[in-house]
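Colleague: coords below, sequence missing:
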């Protein structure tokens, strides 16, 4: 990012300070209050709070930016998910791999993902993942699973035949950063455009309406060729919270500066963000957890960086550190427990006969189904065994998908690939 870009973004940031921050805090307080009333079942009160929030956001952000398309309701024949849609558990047990020699003479994993499970449906996605290191390039929205291919196309499926939604995105299926970002709730998806004429545009796409809802040109994210890290792009979206899209630059060392900036989809404003801003945003979001001694003093997380350990029948986030978890929607403590009679397989995951794995008593959250239900995978980021769903309100967990046979790999969104 050059000096002019930084000056521009700093000015935009100054424009939303002062009284606007106080108003934003008030809006966030109303959001938390509304969610508590919703949890108690006060439907009428919730509707009124939503109206108040929309009006409050209109005061904060001003008129709709010209780069935002109006979003009419989907047509009557549309299969767009209804508000409050419960997501489906997404994973794959159909992996085939072989070593691939690069032009530099190195060997990297060359994985082919065949069948994708979206709830009780199966769909062939035919995704090739050329991985040097990193995770599986797939994300989930309320409208289904979204993934990139090596040719930079982007596809979405809700369990039926995949539909292509982008031709040349700055996204692919290799490396640390897939180039796609979604939230734990909602239908919004973000990527950077890599088409020659619009390279560096941050695109926000509604996977239910099946069209762009915002496009924001960012000159500092535009590069005529490989980036400073010899990669195909300069900037990466790395989070979506409500209508806030977070993104950052990739450094010369190839590392992403996470949550560096934030685009407000409604107003079109881009401001400096950072980890503290992102954490504050998460704290007002219904699908996040706070780990620490209290809801206020703890660290918010959207799930991926929390690992639960089985201690007897309980699941605690860290056996050596803080062991309390709180629900951002209610502020109440969450106390998860394993399914009745369930015992984790001590040799779960892919392994050769006689080989045992460490960490089989760990469970990692990787997806939210609704405001009260989080999905956890047995294992760590590099292998997945059983999949369980846990309810925050009462702590009850259920076995959702049993592990595959030990000669098969399982992968899930947000987690790593085998090895």
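Modeller: Yes, it's here. Nothing here was measured: the structure is a model prediction, and the numbers come from that model.
Colleague: Output the below-cut-off pLDDT ranges for the stretch 51-200 of the chain.
Modeller: Along the stretch 51-200 of the chain, the model assigns pLDDT under 70 to residues 51-84, 98-109, 131-135, 174-177.
Colleague: can you give me the helices for the stretch 251-400 of the chain?
Modeller: 275-283 (DSSP state H, counting those that start in this stretch).
Colleague: all strands in it, in order from the N-terminus.
Modeller: For the stretch 251-400 of the chain, the strands defined by DSSP state E, counting those that start in this stretch cover 261-264, 270-272, 289-291, 299-301, 308-311, 314-316, 325-327, 333-334, 336-337, 362-370, 373-380, 383-391, 397-401.
Colleague: Show me what the last one is packed against.
Modeller: Okay, so that is strand 397-401. Taking 3 or more Cβ pairs under 8 Å, 6 or more residues apart in numbering; DSSP states H and E as contact, the helices and strands that strand 397-401 lies on are strand 383-391. Heads up, the C-betas are built off the backbone N, CA and C, glycines and all.
Colleague: Pull up the pairing partners for the strand it packs on, direction included.
Modeller: Pairing partners of strand 383-391, with direction, according to DSSP bridges: strand 373-380 (antiparallel), strand 397-401 (antiparallel).
Colleague: Can I get those in JSON lines including distance to residue 325, mean neighbour count and mean pLDDT?
Modeller: Supplementary listing: these in JSON lines, determined by distance: least, Cβ to Cβ, whole Å; neighbours: other Cβ atoms under 10 Å; pLDDT from 0 to 100:
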{"stretch": "strand 373-380", "distance to residue 325": "10", "mean neighbour count": "25", "mean pLDDT": "90"}
{"stretch": "strand 397-401", "distance to residue 325": "13", "mean neighbour count": "18", "mean pLDDT": "97"}
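Colleague: Using TSV, please lay out the ones you listed together with distance to residue 242.
Modeller: Converted to TSV, the strands paired with strand 383-391 look like this (distance: least, Cβ to Cβ, whole Å):
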stretch	distance to residue 242
strand 373-380	18
strand 397-401	27
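Colleague: now for those strands, which one comes closest to residue 86?
Modeller: strand 373-380 (7.6 Å; Cβ to Cβ).
Colleague: any weak-confidence spans in the stretch 201-350 of the chain?
Modeller: 223-233, 304, 319-322, 347-350.
Colleague: and with 80 instead?
Modeller: For the stretch 201-350 of the chain, applying pLDDT under 80 flags the ranges 223-233, 252-254, 303-305, 318-323, 345-350.
Colleague: Could you chop this structure up by domain?
Modeller: 3-61, 90-283, 289-401 (automatic domain parsing).
Colleague: Endpoint to endpoint, the second one covers what distance?
Modeller: Right, the one you point to is domain 90-283. Across domain 90-283, the terminal residues are separated by 25 Å (Cα to Cα, to the nearest Å).
Colleague: and if you look at stretch 237-246?
Modeller: End-to-end distance of stretch 237-246: 6 Å, with Cα to Cα as the criterion.
Colleague: Ok, stretch 161-178 next?
Modeller: From the first residue to the last, stretch 161-178 extends over 22 Å; the measure is Cα to Cα.
Colleague: cool, and stretch 147-162?
Modeller: Criterion Cα to Cα; first-to-last residue distance in stretch 147-162 is 10 Å.
Colleague: List the buried residues for that stretch?
Modeller: 147-149, 152-159, 162 (16 or more other Cβ atoms under 10 Å).
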